[in-house]
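Enquirer: When you get a sec, could you give me coordinates for this:
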Amino acid sequence: MTKRARRSGLGLGWVLILSFTAVTLFVCVIIALAFRRAGVGPAPSPSGREVALRVAFTPEKQAIFGDLATRFNEGNPRLASGKRVIVEAVALESDDLIAAALASDLQAVSPDSSLILAELDRRWNEQQSVDTGLASETTRYMVSPVVIAMWEDVARSLGYPDRALGWADLLRAAQDPAFKWSHPSTGTASGLLATLAEFYAGAGVTRGLTQEMATRQETLDYVSKLEKTVKHYGEGELAIMEQVAAQGRAYLDAFVVQEQMVVQYNRQYGRQLVAIYPAEGAMWADHPLALLEHPARTDEERLAYRLFADYLLTPEAQKLILDAGYRPTDLSIRLNVEGSPIAPANGADPAQPSTTLQIPSAQVIGVVKDAWQYTKRLTNIYLVADISGSMEGVKLRDAKSALHAFLDQIPGQNERVGLIVFSSYAAEVTPLTALSEGRDELEQAIDGLQAGGNTALLDAVDLAYTKLADLNDAERINAIVVMTDGKENASRTTVQELSARLGTREPLPVVVFCIAYGRDADMAVLNYLAEAGDGFTRRGDLETIEDLYKTLSTYF
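Expert: Take a look at the predicted model:
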């Protein structure tokens, strides 16, 4: 057993060392919890006269996929044998969807892109030592172009709608330090699709992107210039839209999402955003439904899949899809008619995109992912951890595992991470150091943390901010990730003083992400800091603290 596996308990490394049966049991628990969170809810457990089709879908389409599954079930669909088919739908993020699929807990999946299916097949082939893949029959029932969403006044300042805008205009706008834009990390479909589009733009082609084109110095320089202007990355489109809804115009000037997200936002809040279809060419999220051909798959399950897939292509389902802001795959359904949500009134243009980019080969996609680590904006991150007396015992143990998980999720060796802790006083345990040099020291420092004392939360955040400000490294994302389980009671710094410092953005902006650990954490103070630091606050508990740190790692 490795050192990290011993240290992390049931952390990330356990998948590599526990039995396949234990992995399956774990994922079953995760899926059961996800059923409750998804808002769709599983259908009743099937009897001998029923066939269950468990389908995982990515969360950004929860409303439409849940509606489609419910309507399908209400139609009382049956096989020729007379058995009723029941679709059990659950929302899972891409990584969890892949894990559940590999563990044989699903009959079908519907990610937001075929790129996720390719990654699923790659992992399945590695796991099983085969080359046949896991996703077999595939049905495409709706699509949505990946766009750059902009507030309309921002787009107009760049020349919209008189001329087509693209990545070059985004780069030009970002020369103003006050301009803020973002795209999700390449661990998400939209983030990867946007990054592929950037590489296409850098190479100056719209088809046939090759490894040689993607790694040319001029291509890398173009992508690097663009990426170096990103405010921060993130966990996906849904999280971006939640922050846009909460913070409005102040959060970002532009961000990468699917077109349907722009449509949905404007339908709810009135036209404020416009979808920019990059002039250099756009990628599409193709939302496939795929049957998982596990060795134990039954003919009845295959027939149930086909019944549901056929339903998704019916006029009724395709109309629901359009009403939800997606583009149906039934080309007889026109987008430019009265009542269609794909309309200028909702910031969308049914005639766009004028240029569609070709999905490159799996080998090229792998090269682009690797090259992105070279071109992406690097980070300076201070982890600020509560070690006050209330953290003693299980809380501190789980917090340590969560901090280890955060480091595990950051593969780039050039990212700089430091550790500051606080109890009655704030102290820097590990200075800000590149992970290539300081990863082991950080891991050891986390292992050695002990709890005791009061809660000098504000002094700890102030210390982290001061050190980042003194460094004055505007080339990197500068961030503080702070976690506490209690209320401030020992700092000399006041929340008003600290918030004012964070809010000045001088000498450089520092993003503050807060984790409220447990019910006793002071949400008011954390929200105040996060708002001043242009970040956000998430609440966690013993069960979710590690997942929260993993999620926050995607922002870097």
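Enquirer: drop to CA atoms for contacts and neighbour counts, all remaining ones
Expert: OK.
Enquirer: Would you mind checking the average pLDDT for the helix or strand that contains Val90?
Expert: Here Val90 sits within strand 84-91, counting by DSSP states H and E. Strand 84-91 comes out with an average pLDDT of 98.
Enquirer: What are the buried residues along whichever helix or strand comes after that strand?
Expert: Later in the chain than strand 84-91, the nearest helix or strand by DSSP H and E is helix 94-102. Within helix 94-102, the residues that qualify as buried are Ser94, Asp96, Leu97, Ile98, Ala99, Ala100, Ala101, Leu102, counting by 16 or more other CA atoms under 10 Å.
Enquirer: cool, stretch 521-533 as well?
Expert: Neighbour-count burial for stretch 521-533, with 16+ other CA under 10 Å as criterion, is recorded at Ala521, Asp522, Met523, Val525, Leu526, Asn527, Tyr528, Leu529, Ala530, Glu531, Ala532, Gly533.
Enquirer: Is my assumption valid that Val482 occupies a position in a helix?
Expert: No - Val482 is assigned strand when assessed by DSSP: H, G, I helix; E, B strand; the rest coil, not a helix.
Enquirer: Could you check the pLDDT of the nearest residue to it once chain neighbours are set aside?
Expert: Distance criterion CA to CA, 6 or more residues apart in numbering; nearest residue to Val482, sequence neighbours excluded, is Val384 at 4.5 Å. Per-residue pLDDT puts Val384 at 98.
Enquirer: Any idea how many residues pack against Val384?
Expert: Neighbour count of Val384, defined by other CA atoms under 10 Å: 26.
Enquirer: isn't there a helix covering it?
Expert: No - under three-state DSSP, Val384 sits outside any helix and is assigned strand.
Enquirer: got a list of what it touches?
Expert: Counting by CA atoms under 8 Å, 6 or more residues apart in numbering, Val384 touches Leu419, Ile420, Val421, Phe422, Ala460, Val461, Ala464, Ile480, Val481, Val482, Met483.
Enquirer: quick one: which of these is nearest Asp286?
Expert: Comparing the contacts of Val384 against Asp286 with CA to CA picks out Val481 as the nearest, at 34.5 Å.
Enquirer: Which strands and helices lie in contact with the helix or strand hosting Glu212?
Expert: Assigned by DSSP H and E, Glu212 belongs to helix 211-214. Other helices and strands packing on helix 211-214, by 3 or more CA pairs under 8 Å, 6 or more residues apart in numbering; DSSP states H and E, are helix 189-203, helix 362-375.
Enquirer: separation between Tyr277 and Phe308?
Expert: Applying CA to CA, to the nearest Å, the value for Tyr277 to Phe308 is 32 Å.
Enquirer: Of those two, give the one with the bigger neighbour count.
Expert: It is Tyr277, of Tyr277 and Phe308, that has more neighbours when counted by other CA under 10 Å, with 26 against 20.
Enquirer: I figured that one hits Arg163, correct?
Expert: No - using CA atoms under 8 Å, Tyr277 is not in contact with Arg163, being 11.3 Å away.
Enquirer: Switch the helices and strands packed on helix 211-214 over to TSV; also include mean pLDDT.
Expert: Formatted as TSV, those follow (pLDDT from 0 to 100):
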stretch	mean pLDDT
helix 189-203	97
helix 362-375	94
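Enquirer: Out of these, which one sits most buried?
Expert: Each of the helices and strands packed on helix 211-214 was assessed for mean neighbour count using mean count of other CA atoms under 10 Å. The highest is helix 189-203, with a mean of 25.
Enquirer: Only alpha carbons, please: show it as CSV.
Expert: The C-alpha coordinates for helix 189-203 follow below in CSV (Å, rounded to 0.1, in the frame of the first residue of the first chain):
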residue,chain,number,x,y,z
ALA,A,189,-16.9,18.7,-22.2
SER,A,190,-17.6,22.4,-22.8
GLY,A,191,-14.2,23.3,-21.5
LEU,A,192,-12.5,20.8,-23.7
LEU,A,193,-14.5,21.8,-26.7
ALA,A,194,-13.7,25.4,-26.1
THR,A,195,-10.0,24.6,-25.8
LEU,A,196,-10.1,22.6,-29.1
ALA,A,197,-11.7,25.6,-30.7
GLU,A,198,-8.9,27.8,-29.5
PHE,A,199,-6.3,25.4,-30.9
TYR,A,200,-8.1,25.4,-34.2
ALA,A,201,-8.1,29.2,-34.2
GLY,A,202,-4.4,29.2,-33.4
ALA,A,203,-3.7,26.8,-36.2
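Enquirer: ok, residues contacting that helix?
Expert: 112-113, 115-116, 146, 167, 183-186, 206, 209, 213-214, 216, 218-220, 222-223, 236-237, 256-258, 280-285, 357, 365, 368-369, 372.
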